[in-house]
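K.L.:
model this:
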Amino acid sequence: MFKIEKETIEWGGRTLTLETGRIARQADGAVLVTYGETSVLATAVGVKSVKEGVDFFPLTVNYQEKYFAAGKIPGGYFKREGRPTEKETLTSRLIDRPIRPLFPKGFKNEVQVMITVLSHDMENDPDIVGMVGASAALCLSGLPFLGPIGAARVGYIDGEYVLNPQVDEMIESKLDLVVAGTADAVMMVESEARELPEDVMLGAVMFGHREFQPVIDAIIRLAERAAKEPWDFQPEDHSAIEAKVRKIAGKDIEKAYKIVDKTARVAAVSEAKNKVVAELGLSEVNPDGVPVNVLKDVLKGVESSIVRGAIIKTGKRIDGRGLADVRAIVADAGFLPRTHGSALFTRGETQAIVVATLGTGEDEQYIDALTGTYKERFLLHYNFPPYSVGETSFRLAPGRREIGHGKLAWRALKAVLPGPETFPYTIRLVSEITESNGSSSMATVCGSSLALMDAGVPITRPVSGIAMGLIKDPDGVAVLSDILGDEDHLGDMDFKVAGTDQGVTSLQMDIKIAGIDEGIMKTALEQAKGGRMYILDRMNLALGAARAELGEYAPRIETITIPTDKIRDVIGSGGKVIREIVEKTGAKVDVNDDGVIKVASSDLASIKAALDWIKGLTAEPEVGEIYKGKVVKVMDFGAFVNFFGPKDGLVHVSQLKKERVNHPSDVVKEGDEVWVKLLGLDDRGKVRLSMKVVDQSTGKEISHEAAE
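P.N.:
The predicted structure follows:
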């Protein structure tokens, strides 16, 4: 029999249970985590040997939601889970980011963490549960993981922070923030907010950090009883090689990093590296040479030390800027002639073309989630082609990075979008990164804001974004505004803040060291606010508010509401009527279950024709009003006239003319167009019409005396 170990705590008003020893016992570490009735299996497996030539840490995190967890069968022909959804991809990144920095430098064994959602109670999001499970599985595995980490979701409802708000509570929350970290420091933040002040955002981060401490303690207690023997990992000592590299090319690298232009700087650094290779040699071609992966590590360490030391010592950066300076910004709105809205945003050597496209309800994206299928009317897609950094590569489907950057920009802009009741359009933004040297995701935020306004989308306020960096050494700490690619690559933090002049709409933080404290984060937020305001000022020079009219080529949408019992009249049997409306008028017609009908076309005449048709099908005629109709049948006692959409009424023989009429056919025949007045309903509920009280040439009502 196997031994089961459990840890149970009360956390955020629900029970959190960590269990190991019963499931997936051949994995190095396996933990079943249950929170409420949401259960997640997390496993961790490491390979004992290092693959030859590996010069990076090959960590893979895979989060997967099984449809059976919510009692659902997957859609599609094959009826099984397919490629990762956007939620699964984003959650995999979310879990990867705080655990990756906690493996020791030089550890290059392949590690795979898998998180599988087995049960979902529709109340507790599995992403936090999965992050806790990944941390626990790694701590039990024996791998050299310097954890554990804890994680929590923080909401902000009625001015109060809420720990791990349930799915239905998030509707009322002004904040959706996920924070992860160790017992001493914060490692990762991901958030979406409704223009909250910096102090509220900082308070949320620290609230979450305090509240997940019991989870860290529970993981430690479980590991004390169930953890496997730790791996014997000792990082290699490359100090001798490092000394040689500094002697050969230290001054050249230092000189190269004083070159402002990225292309020239990269070429100079590359020349210095080639000099090192030429003198030391590589083991691939020289038995006495240095392994290529070792030399890469050493060169990166030397580069990092030189760049970081210069910044701490001088307060000046690679391109000569001060710590809080933002690069030159050029913004151009509406530079593409045929799109609905467009912007070209350039900040230093980072550039994004962002295009806004407006669509109808037919263009909404159906998203199949464990909590149910829903429709999304705001889409943002981010693309990072290799030419943006002067490289070539094989182009495949968007990767995790592109999906993650697009979602970050989506979160930043969502708070300022108009609701569907005031702007009934589906909105798609596409960001094409054409140059990249630091924070293309924040360039996407700025360009997207301009493109939306250029398209005439009435956003509440423009949104800008900035990426902050950190150099933290024994000699000092430097917080950097608007970081370059090299500063991101060689620094300790990537801290991105987006928002309006009223507050923060999105905050994302990743750390490469063992976390940061509240003081550093507060400094970064304050410095980011100044940079954000500067960028907003530069954006306002291009376009400060949404254009008053939609673009020439954008569709126009008119909305009307009809009684729900009239929906069938508009759709018709098998959709016959609505297809005829679309075919004859050229307009798109979208009918919701609640009776809201959207009619869209770039031609206003098409919209009017479709609306008139729909009104004729659904509106009720008013007693006393005059209508133009067509005689559809002549009988001995009168004539039936189609006068209001599909509605017919009887003009009795006595109501045809003021004179006596022997037979209705003496006055009208089928197909005649006539003016009629609606008199009302008879005792049997039949519609009564009159022709004699209306001037048939003008459609004007005749006075009572004249009619008699």
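K.L.:
run through the stretch 551-700 of the chain and note the low-pLDDT ranges.
P.N.:
The stretch 551-700 of the chain contains residues with pLDDT under 70 at 645.
K.L.:
ok, which stretches of it are helices?
P.N.:
567-571, 576-585, 604-618 (DSSP state H, counting those that start in this stretch).
K.L.:
helices and strands around the second one, which ones?
P.N.:
Packed against helix 576-585 by the contact rule (3 or more CB pairs under 8 Å, 6 or more residues apart in numbering; DSSP states H and E) you find helix 567-571, strand 588-591, helix 604-618. (Each C-beta comes from the backbone N, C-alpha and C, glycine too.)
K.L.:
so for A151, which of these sits nearest?
P.N.:
Distances from A151 to each of the helices and strands packed on helix 576-585 were compared by CB to CB, and the smallest falls on strand 588-591, at 40.6 Å.
K.L.:
the top helix by length along the chain: how far from the chain's middle?
P.N.:
When the chain is scanned for its longest helix (criterion: DSSP state H), the result is helix 518-542. Here helix 518-542 shows a centroid-to-chain-centroid distance of 22 Å under the convention CA atoms, centre = their mean, to the nearest Å.
K.L.:
quick one: contacts of it?
P.N.:
Applying CB atoms under 8 Å, 6 or more residues apart in numbering, the set of residues contacting helix 518-542 from outside is 186, 198, 201-202, 205-206, 323-324, 326, 329, 331-333, 343, 345, 347, 446, 449-450, 462, 464-466, 468, 470, 472, 477, 479, 481-482, 493, 495, 497-501, 509.
K.L.:
mind listing which of those are in strands?
P.N.:
186, 329, 331-333, 343, 345, 347, 464-466, 468, 470, 472, 477, 479, 481, 493, 495, 497-499, 509 (DSSP state E).
K.L.:
stretch 176-186 - what's its average pLDDT?
P.N.:
Across stretch 176-186, pLDDT averages out at 95.
K.L.:
so how far is the first residue of that stretch from its last?
P.N.:
Start to finish, the residues bounding stretch 176-186 are 17 Å apart (CA to CA, to the nearest Å).
K.L.:
may I see the buried residues of that stretch?
P.N.:
Under the neighbour-count criterion of 16 or more other CB atoms under 10 Å, stretch 176-186 has D176, L177, V178, V179, A180, G181, T182, A185, V186 buried.
K.L.:
what sits up against that stretch?
P.N.:
Under the criterion CB under 8 Å, 6+ apart, residues 94, 97-98, 102, 127-128, 131, 147-155, 170, 187-193, 201, 204-205, 208-209, 212-213, 216, 507, 509, 511, 514-517, 521 lie in contact with stretch 176-186.
K.L.:
secondary structure element for the residue lying closest to N293 once chain neighbours are set aside, which one?
P.N.:
Distances taken as CB to CB, 6 or more residues apart in numbering put D55 closest to N293, at 3.8 Å, once the chain neighbours are dropped. Using DSSP states H and E, D55 maps to neither a helix nor a strand.
K.L.:
report the rounded mean pLDDT for the longest helix of the chain.
P.N.:
Over the span of helix 518-542, the pLDDT mean works out to 94.
K.L.:
what's the first-to-last distance across stretch 4-24?
P.N.:
Stretch 4-24 stretches 12 Å from its first residue to its last (CA to CA).
K.L.:
equivalent analysis for stretch 446-464, please.
P.N.:
Looking at stretch 446-464, the gap from its leading to its trailing residue is 5 Å under the measure CA to CA.
K.L.:
and R428, how far from D121?
P.N.:
Taking CB to CB, to the nearest Å as the measure, R428 and D121 are separated by 33 Å.
K.L.:
er, A249 actually
P.N.:
According to CB to CB, A249 stands 58 Å off from D121.
K.L.:
ok so, going back, so which of the contacts of stretch 176-186 are in helices?
P.N.:
Judged by DSSP H, the contacts of stretch 176-186 include 94, 97-98, 127-128, 131, 201, 204-205, 208-209, 213, 216, 521 as members of helices.
K.L.:
just the buried residues of those residues.
P.N.:
Among the ones in helices among the contacts of stretch 176-186, those scoring as buried are 94, 97-98, 127-128, 131, 201, 204-205, 208-209, 216, 521 (criterion: 16+ other CB under 10 Å).
K.L.:
of the residues you listed, just say which sits nearest to L380.
P.N.:
Distance to L380, by CB to CB, is smallest for L94 among those, at 18.1 Å.
K.L.:
give me whichever of the helices of the stretch 551-700 of the chain is most buried.
P.N.:
Mean neighbour counts were taken over these using mean count of other CB atoms under 10 Å, and the top value, a mean of 17, falls to helix 604-618.
K.L.:
got the angle for that helix vs helix 576-585?
P.N.:
150 degrees (axes from the mean of the first three to the mean of the last three CA atoms, to 10 degrees).
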